[in-house]
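Undergrad: Here is my input, please return the structure:
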Amino acid sequence: MGPVIVWFRRDLRLNDHPALAEAARSGRPVLPVFIRDKSVVGLGAAPAWRLEKGLESLSRSLAGIGSRLILRNGDADDCLDDLILETGADAVFWTRLYDPASKQRDRAIKASLKSRGVDARSFSGHLLTEPVRLRTKEGGPFRVYSPFWRAMVREGIQVDLMPAPKDMRPPERWPASEKLEAWNLGQGMRRGAAVLSRHVVAGEEAALERLDQFAEGKIDGYKSNRDLVSEAGTSGLSPFLSLGEVSPVRCWARAMHASESGSPGAGTFMKELAWREFAHHLMHHFPDLGHRNWRDGWESFPWNLEENRPDVLAWKQGRTGYALIDAAMRELQVTGTMHNRARMVAASFLTKHLMTDWRVGLRWFEQHLVDWDTASNAMGWQWVAGCGPDAAPFFRIFNPETQAKKFDPDGRYARRWIAEGQADPPSTAMDFFEAIPARWQLSLDMAPAAPIVELADGRSRALAAYSRLTGKSQDLPNVG
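TA: Predicted coordinates:
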């Protein structure tokens with residue numbers, strides 16, 4: 001029997017990997033493969049840079065058990081065909097993905113392989129449960145998170161943790177592999193790559209260590225601390241989950257154990273894992289989620305699509321004059337991540353106070369987030385903008401000054417990331433000027449930014465547009 005090709009995608013780990021485990025159990029030679037197809041070529045600068053780090057780590061992990069990662073470049077179906085011809089492989093295993101492009105690609109490849117007698121199998125592993133498993137009483141997909149969560153709890157999550165294979169049978173002859181450094185996946189980051197390297201760790205070992213640290217300590221305070229932007233109260237697992245360096249099932253299992261031990265924050269963390277599931281459930285059933293307004297009628301909402309307006313540029317540069325937003329946008333430039341509470345406030349400001357189309361913000365995050373996830377990014381932006389599934393009401397307009405008082409009361413988060421006006425700014429704030437494009441021509445000796453819009457004016461303009469769209473008066477208090 002020929003070798004089994006294990007096609008890695010967003011599952012860059014050895015533990016809890018059903019496709020890899022099945023290949024190793026077969027006793028046949030195993031060929032781990034990663035393909036730089038158009039889904040990889042199309043990645044934003046920071047996600048591509050982060051992928052390169054993940055692939056470096058996966059290669060080391062495979063070498064540690066006597067295997068290796070074969071790299072190929074081109075259309076996935078062509079690359080797999082070439083490997084089958086070169087090695088005599090008669091099976092291809094992979095982990096399912098649920099975004100529209102991946103599903104279309106994978107269906108075509110599976111049909112083609114099977115028509116030629118190749119054992120083509122896809123496995124779970126990217127999510128806690130399959131998007132088709134949970135259904136409403138009417139048999140359709142969920143559109144609201146709360147009943148989706150209740151259905152998850154009712155149906156239960158199968159926790160089947162799998163240790164990494166201790167060894168895998170190698171092929172008699174390894175096929176040729178391209179060099180990862182020749183792909184230069186991080187080229188889009190330019191000078192920002194050096195800054196990101198100071199703040200980002202990658203790989204399964206780092207992911208498991210981060211999960212241990214969280215589950216054995218910070219999870220207890222997760223419910224009360226996760227919104228405090230100056231505190232390290234979140235799990236920090238999103239970049240690892242995005243590339244599958246840790247499985248959601250393992251995260252769920254650790255949270256369940258903490259919950260059974262009386263941890264007050266474990267249940268809240270489990271609901272956040274379910275929120276990720278909900279995003280993928282929606283994208284599976286509603287593939288337009290990433291580029292069309294979810295709610296009917298919103299295509300006529302007068303959002304501005306111009307990405308190069310001065311106020312949008314100020315938002316991107318962290319120069320809006322509102323400390324919480326500016327700190328968040330600078331954190332993004334320096335670390336490739338942004339605190340979740342700050343993401344909501346920054347997104348609300350762009351889509352409501354600046355009346356800018358949510359897709360402008362989505363594309364900016366798509367370029368800069370090392371934890372970029374197509375489903376979560378799309379649902380998050382539509383949720384904040386008010387046009388999406390289970391969305392916050394449009395008239396919930398986050399006030400960045402009020403939010404700062406609640407979640408950064410002593411200004412530590414702002415000082416961590418904004419250098420202007422500080423006599424001795426920290427290195428995190430200084431890193432911003434090293435990371436940003438030189439064409440921005442921003443420097444430490446600039447005066448602190450003045451507000452680019454009066455909050456009351458921006459809010460009134462947004463509500464007036466909403467009233468014209470719906471015919472409803474929204475003379476409501478500021479609830480942000």
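Undergrad: what ranges do the helices span in the stretch 301-450 of the chain?
TA: 310-317, 323-335, 340-348, 358-368, 374-385, 400-407, 412-417, 427-435 (DSSP state H, counting those that start in this stretch).
Undergrad: now the helix or strand of the chain with the lowest mean pLDDT against helix 310-317, angle please.
TA: When each helix and strand of the chain is scored by mean pLDDT, DSSP states H and E, helix 455-470 comes last, with a mean of 92. Angle, helix 455-470 to helix 310-317, by axes from the mean of the first three to the mean of the last three Cα atoms, to 10 degrees: 110 degrees.
Undergrad: Which elements pack onto helix 455-470?
TA: Using 3 or more Cβ pairs under 8 Å, 6 or more residues apart in numbering; DSSP states H and E, no helix or strand is in contact with helix 455-470. Just so you know, the C-beta spots here come from the backbone N, C-alpha and C atoms, and that holds for glycine as well.
Undergrad: Run the chain-centre distance for it.
TA: 31 Å (Cα atoms, centre = their mean, to the nearest Å).
Undergrad: That helix: which residues count as buried?
TA: For helix 455-470, the neighbour count (16 or more other Cβ atoms under 10 Å) marks 455, 458-459, 461-463, 465-466 as buried.
Undergrad: Redo the residues you listed as a markdown table? Include distance to Pro310.
TA: Formatted as a markdown table, the buried residues of helix 455-470 follow (distance: Cβ to Cβ, whole Å):
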| residue | distance to Pro310 |
| --- | --- |
| Leu455 | 18 |
| Gly458 | 15 |
| Arg459 | 20 |
| Arg461 | 17 |
| Ala462 | 19 |
| Leu463 | 23 |
| Ala465 | 20 |
| Tyr466 | 24 |
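Undergrad: List just the nearest of those residues to Gln158.
TA: Tyr466 (43.2 Å; Cβ to Cβ).
Undergrad: What distance do you get for the closest one to Pro393?
TA: Tyr466 sits 9 Å away from Pro393, going by Cβ to Cβ, to the nearest Å.
Undergrad: Gln333 now?
TA: From Gln333 to Pro393 the distance is 31 Å (Cβ to Cβ).
Undergrad: And those two? Which one has more around it.
TA: Neighbour count, other Cβ atoms under 10 Å: between Gln333 and Pro393, Gln333 has more, with 24 against 11.
Undergrad: Now do the contacts for that one.
TA: 192, 195, 318, 368, 432, 435-436 (Cβ atoms under 8 Å, 6 or more residues apart in numbering).
Undergrad: if you set the cut-off to 6 Å instead, what comes out?
TA: 432, 435-436 (Cβ atoms under 6 Å, 6 or more residues apart in numbering).
Undergrad: Give me the longest strand you can find in the protein.
TA: Longest strand in the chain by number of residues (criterion: DSSP state E): strand 30-36.
Undergrad: Parallel or antiparallel, which strands does that strand pair with?
TA: When sheet partners are counted by DSSP bridges, strand 30-36 sits next to strand 4-8 (parallel), strand 70-73 (parallel).
Undergrad: Would you mind identifying the next helix or strand past that strand?
TA: helix 38-41 (DSSP states H and E).
Undergrad: how about low-confidence regions in the stretch 101-250 of the chain?
TA: The model of the stretch 101-250 of the chain has no residue with pLDDT under 70.
Undergrad: And the strands in it?
TA: 119-123 (DSSP state E, counting those that start in this stretch).
Undergrad: right, so of the helices of the stretch 301-450 of the chain, which gets closest to Glu52?
TA: helix 358-368 (15.5 Å).
Undergrad: thinking again about what came up before, could you say which of the strands paired with strand 30-36 is packed most deeply?
TA: Ranked by mean neighbour count, those are led by strand 4-8 with a mean of 26 (mean count of other Cβ atoms under 10 Å).
Undergrad: Give me the average confidence score over it.
TA: For strand 4-8, mean pLDDT is 98.
Undergrad: for the helix or strand just after that strand, packing partners?
TA: Using DSSP H and E, the next helix or strand after strand 4-8 towards the C-terminus is helix 18-25. In this structure, helix 18-25 makes packing contacts with strand 4-8, strand 91-95, judged by 3 or more Cβ pairs under 6 Å, 6 or more residues apart in numbering; DSSP states H and E.
Undergrad: let's see it at 8 Å
TA: Short answer (3+ Cβ pairs under 8 Å, 6+ apart): helix 18-25 packs on strand 4-8, strand 30-36, strand 91-95, strand 119-123.
Undergrad: can you redo those as a markdown table with distance to Pro165?
TA: As requested, those are exported to a markdown table (distance: least, Cβ to Cβ, whole Å):
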| stretch | distance to Pro165 |
| --- | --- |
| strand 4-8 | 10 |
| strand 30-36 | 8 |
| strand 91-95 | 13 |
| strand 119-123 | 15 |
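Undergrad: Which of those strands sits closest to Ser238?
TA: Shortest distance between Ser238 and the helices and strands packed on helix 18-25, using Cβ to Cβ, is found for strand 91-95: 18.3 Å.
Undergrad: Sheet partners, orientation included, of that closest one?
TA: Going by DSSP bridges, the partners of strand 91-95 are strand 4-8 (parallel), strand 119-123 (parallel).
Undergrad: can you list the residues that contact the first one?
TA: Spelled out, that is strand 4-8. Contacts for strand 4-8 (Cβ under 8 Å, 6+ apart): 19-20, 23, 26, 28-35, 58, 69, 76, 80, 83-84, 87, 89, 91-94.
Undergrad: pretty sure Met270 is touching Met256, no?
TA: Yes. The criterion here is Cβ atoms under 8 Å, and Met270 meets it with Met256 at 7.4 Å.
Undergrad: Looking at those two, which one has more neighbours?
TA: Met270 (21 against 15).
Undergrad: Val144: which of the buried residues of helix 455-470 is nearest?
TA: Nearest member of the buried residues of helix 455-470 to Val144, counting by Cβ to Cβ, is Tyr466, at 20.9 Å.
Undergrad: separation between the closest one and Lys137?
TA: The value you get for Tyr466 to Lys137, if Cβ to Cβ is used, is 32 Å.
Undergrad: With that, I have no additional questions.
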